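Colleague: my questions concern the predicted model and sequence given below.
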Amino acid sequence: MIRRKGTYETDERKEMRGGKGTVQIENYWKPGELKAKTRLLARLTLPPGTSIGFHEHAGEEEVFIVLRGQARAKDADREDILNVGDTILTGNGAGHAIESIGTEPLEMVAVIVKY
């Protein structure tokens, strides 16, 4: 099955998980369209200054892959700067948050899988 750019179902979430600003979510595939236990497979776009607040995933792992921009990522007690090409794996009950800190929007692929 092929899904073409520009045909993805999109959502906007204001103050996502207690964060700042509005996050745009382009769903590549929605839950139920994949046989794997995937809850999210999407491109997230966070304008500068926008963030996803600190939260946890019980029984899940989340991967962010940075495609554009720069991020400040908090994973449990550790904080790091992420640049294009960097990835972060969170889960196993450890909380995390992410913020767009560059001058251009932060674009990431986000994948959440259940285990």
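Modeller: Right, received. Where do you want to start? Residues are numbered from 1 along each chain as shown.
Colleague: tell me what the strand or helix carrying Ile52 is packed against?
Modeller: Take DSSP states H and E as the rule and Ile52 turns out to sit in strand 51-55. Counting contacts by 3 or more Cβ pairs under 8 Å, 6 or more residues apart in numbering; DSSP states H and E, strand 51-55 packs against strand 96-100. No exception for glycine: its C-beta is placed from N, CA and C like everyone else's.
Colleague: name the residues that touch the strand it packs on?
Modeller: Outside strand 96-100, the residues that touch it by Cβ atoms under 8 Å, 6 or more residues apart in numbering are 17, 19-20, 46-56, 62, 64, 69-76, 82, 88, 90, 106, 108.
Colleague: give me the mean pLDDT for that strand.
Modeller: Mean pLDDT, strand 96-100: 97.
Colleague: check which element follows that strand along the chain.
Modeller: Defined by DSSP H and E, the subsequent element after strand 96-100 is strand 106-114.
Colleague: distance from the chain centre to that following strand, please.
Modeller: Between the centre of strand 106-114 and the centre of its chain there are 4 Å (Cα atoms, centre = their mean, to the nearest Å).
Colleague: could you pull out the buried residues of it?
Modeller: Within strand 106-114, the residues scored as buried using 16 or more other Cβ atoms under 10 Å are 106-113.
Colleague: and the residue lying closest to Lys14 once chain neighbours are set aside, what does it touch?
Modeller: Nearest non-adjacent residue to Lys14, counting by Cβ to Cβ, 6 or more residues apart in numbering: Thr22, 5.0 Å away. By Cβ under 8 Å, 6+ apart, the contact set of Thr22 is 12-15, 47, 50.
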